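> Pasted the sequence and its predicted model underneath.
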Amino acid sequence: MSADVLGTPSGTDSDGGEPPRRESFWFGVVTVARLELRQRVRSSRWVVVLVVWTALLALLTALIRWSVFRSYSVGDAPATDHGLTQARAGRMVFGIVVFLVLSLGALVTPALTSTTVNGDRAAGVLATLQTTLLSPIQLVTGKLAAAWAVALALLVCALPFILWAFFEGGTPAGRLVVVLVLLAVLLLVICAIGLGWSATTARTSSSALLTYLTVALLGLGLPLLFALSVPLVSQTENVLTRQPIWDESGSTGQCQAQVEVQTVFHSERSWWLLAPSPYVVLADAAPKPLDASDDDPLSLIRTGVREARLGPPEIQDWCGTVGDPNQAYLDRQAQRARDREALGITWPYGLALDVGLGALFTVVAVRRLRAPARRLPRGTRVA
């Protein structure tokens, strides 16, 4: 007795021998993934997506590089400051390009993965696969692996432009490695979300829309919720403030301390809303530049989230370096910076939540592909 590639028996023993043996788990996963990838390769839409993706990234990267280097006046910088200016501009370009790849990946990946289950169900292909010896876990894992391979192909096409920004200078090699690994993991999470919605809904348009809404909630919705939570975590308090004293000529040389009643935003109570955002995960995990500067998008987001975790300062100092002595202000700023760096890292919590969300959608997809199904959506095609 022999079995075909899907594990379906192609014959039986004349003497009523043993039933066909189930193939190994990974053999079934590879088989499903291979079928998915063959179907995508044969589609002309897949080739068009890769070409448009690469051309768009090339154009945007060139424009970003030209704009940033022009704003930093790299070509006009003195010889003594040219290296520092080049590094600052290179870090800025790298951060923008990385976030651009993540944003475009979050837009393109759902369109290619959110119809993998209900699309096959509508075409009558899924029912054929479910009649084989393939288990629901193998079906889901194989489809997820194929979807991730498609997303990684997009990342590979974007790699030359990320390396272009990296070789402009200012970015440590560790940051490049961490960013690439996290981009791959976050794209896997997006694929799992699309697969879960595809298995849950009957219509491909509904699964695509729900996938986009879920990804948008993670990327932009959570920071928006953090901003909307300001009234909920603010309260009126007595605050010690330091403000400059202005004379009639408009100049000042003194600073006055006084207690005022102000509405204080306690961001330390709601900062956790920012943690699962892929932009925050990517920025917080990326190692800081060697000069520990905060002049690029990754470092700015990292510092901003840690500042939110600290909450409001005890003294609201609006004097800056005005006043005599002004060393107290500098000391407080330095202490604030040390307190930020002393905080534990944020990205493992956010990444764990993202991966957990992807795992949840994967489990949902497995449950929805169990056969026989107890309930099917109205109008669902079985075979």
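Good, I have the coordinates. Residues are numbered from 1 along each chain as shown.

> May I see the buried residues of stretch 67-74?
68, 69, 72, 74 (16 or more other C-beta atoms under 10 Å). All C-beta atoms are positioned from the backbone trio N, CA, C, and that covers glycine.

> Out of those residues, which comes closest to residue 273?
Residue 273 has its nearest neighbour among these in residue 68, at 30.2 Å by C-beta to C-beta.

> Now for that closest one, which secondary structure element holds it?
Using DSSP states H and E, residue 68 falls within helix 44-72.

> packing partners for that helix?
Taking 3 or more C-beta pairs under 8 Å, 6 or more residues apart in numbering; DSSP states H and E as contact, the helices and strands that helix 44-72 lies on are helix 82-113, helix 136-166.

> chain center to that helix, what's the gap?
19 Å (C-alpha atoms, centre = their mean, to the nearest Å).

> Ok, stretch 148-167 next?
Distance of stretch 148-167 from the chain centroid (C-alpha atoms, centre = their mean) equals 15 Å.

> I'd like the average pLDDT over that stretch.
Over the span of stretch 148-167, the pLDDT mean works out to 93.

> What lies in contact with it?
Here stretch 148-167 makes contact (C-beta atoms under 8 Å, 6 or more residues apart in numbering) with 33, 37, 40, 46, 50, 53-54, 57-58, 61, 65, 90, 93-94, 96-98, 101, 105, 108-109, 112-113, 171, 176, 179-180, 183-184, 187-188, 190-191.

> before we move on, back to that, out of the helices and strands packed on helix 44-72, nearest to residue 368?
Going by C-beta to C-beta, the one of the helices and strands packed on helix 44-72 nearest residue 368 is helix 136-166, 8.2 Å.

> list the buried ones in the closest one?
When neighbours are counted by 16+ other C-beta under 10 Å, the buried residues of helix 136-166 are found to be 136-148, 150-151, 153-155, 157-158, 161-162, 164-166.

> Which element, helix or strand, includes the residue nearest to residue 110 when sequence neighbours are not counted?
Nearest residue to residue 110 in three dimensions, chain neighbours excluded: residue 211, at 4.1 Å (C-beta to C-beta, 6 or more residues apart in numbering). Per DSSP H and E, residue 211 falls inside helix 204-216.

> other SSEs contacting that helix?
In terms of contacts (3+ C-beta pairs under 8 Å, 6+ apart), helix 204-216 is packed against helix 82-113, helix 116-123, helix 173-200.

> Let's have those in a markdown table, adding distance to residue 278, mean neighbour count and mean pLDDT.
Formatted as a markdown table, the helices and strands packed on helix 204-216 follow (distance: least, C-beta to C-beta, whole Å; neighbours: other C-beta atoms under 10 Å; pLDDT from 0 to 100):
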| stretch | distance to residue 278 | mean neighbour count | mean pLDDT |
| --- | --- | --- | --- |
| helix 82-113 | 6 | 22 | 88 |
| helix 116-123 | 21 | 21 | 77 |
| helix 173-200 | 5 | 22 | 93 |
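
> would a markdown table of those with distance to residue 351 be doable?
Converted to a markdown table, those look like this (distance: least, C-beta to C-beta, whole Å):
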| stretch | distance to residue 351 |
| --- | --- |
| helix 82-113 | 14 |
| helix 116-123 | 24 |
| helix 173-200 | 7 |
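
> which ones are touching the residue nearest to residue 203 when sequence neighbours are not counted?
The shortest distance from residue 203 to any non-neighbouring residue, by C-beta to C-beta, 6+ apart, is to residue 118 (6.7 Å). Contacts for residue 118 (C-beta under 8 Å, 6+ apart) come out as 198, 199, 201, 202, 203, 204, 207.
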